[in-house]
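Fold the stuff below for me.
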Amino acid sequence: MNWRKAEEIVRSLCKGRFTKASGSTHGDVDVVSDEYAIEVKSTGKPRFRVTKSLLDKLWNNAIVRGLTPLLIIFFNEDMYIFILKRALNKSNKNSVSINIKNILDKYYVHHYILERLEIPKGR
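The predicted structure is shown next:
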C-alpha cells in the first residue's frame, strides 16, 4: 500500500486531518485528531525499522499539542497500531526492527515504549 492511501485510511478512521509538513523528517506528524498525533508508515517488506529519531519527532509533536502519540505501521494491507509511552528505564537500543512474522506487544527504544493496541473492529 502506498503511503498516501495509508494516511487517508488513518485520517478517515480517526476523523482527523492531515498536517502541512507531513512526510518530512523533522516536520510534523502525518495526521492529527482530537485525541491523537499520528505518524503513519507503510512498507511492502516483512519488517520496518523504528528509530529513536522517528519516536522523538512523534513524541515532541504530540506533547506540544497535548495529544496521545500513535505510530501506525501498514505491512502491505495489514495495519498495526502502537501507542508511544515514556519508559522509566532507558534502553540501550536506538532502533528496533518490527517483523510482521512476530509482532510483539511491546518494543523498547531508548527511553520509549511502543505498546501494541488492538485494531478497532470493522477494519
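
helices or strands next to the lowest-mean-pLDDT helix or strand in the chain in the packing?
The helix or strand of the chain with the lowest confidence, counting by mean pLDDT, DSSP states H and E, is strand 17-18 at a mean of 82. Contacting strand 17-18 under the criterion 3 or more Cβ pairs under 8 Å, 6 or more residues apart in numbering; DSSP states H and E are the following elements: helix 3-14, strand 31-32. All C-beta spots, glycine's among them, are computed from the backbone N, C-alpha and C.

can you list contacts of the last one?
Just to be clear, that refers to strand 31-32. 7, 10-11, 14, 16-19, 22, 38, 40, 65, 67 (Cβ atoms under 8 Å, 6 or more residues apart in numbering).

Just give the nearest non-adjacent residue to the residue nearest the centre of the chain, would you?
Centrality entry for the chain: nearest residue to the mean C-alpha point is residue 71, 1.1 Å, by Cα atoms, centre = their mean. Residue nearest to residue 71 in three dimensions, not counting chain neighbours: residue 82, with 4.6 Å by Cβ to Cβ, 6 or more residues apart in numbering.

for the helix or strand where the one you found lies, packing partners?
For residue 82, the host element (DSSP states H and E) is strand 78-86. The helices and strands touching strand 78-86, judged by 3+ Cβ pairs under 8 Å, 6+ apart, are helix 52-65, strand 68-75, strand 112-117.

Tabulate the ones you listed (a markdown table), appending mean pLDDT and distance to residue 91.
Compiled in a markdown table, the helices and strands packed on strand 78-86 are given as follows (pLDDT from 0 to 100; distance: least, Cβ to Cβ, whole Å):
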| stretch | mean pLDDT | distance to residue 91 |
| --- | --- | --- |
| helix 52-65 | 94 | 10 |
| strand 68-75 | 95 | 16 |
| strand 112-117 | 95 | 8 |
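
Now tabulate those in a markdown table and tack on distance to residue 1.
Conversion of the helices and strands packed on strand 78-86 to a markdown table gives the following (distance: least, Cβ to Cβ, whole Å):
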| stretch | distance to residue 1 |
| --- | --- |
| helix 52-65 | 19 |
| strand 68-75 | 5 |
| strand 112-117 | 19 |
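
so which of the ones you listed is the most packed in?
The highest mean neighbour count among the helices and strands packed on strand 78-86, using mean count of other Cβ atoms under 10 Å, belongs to strand 68-75: a mean of 22.
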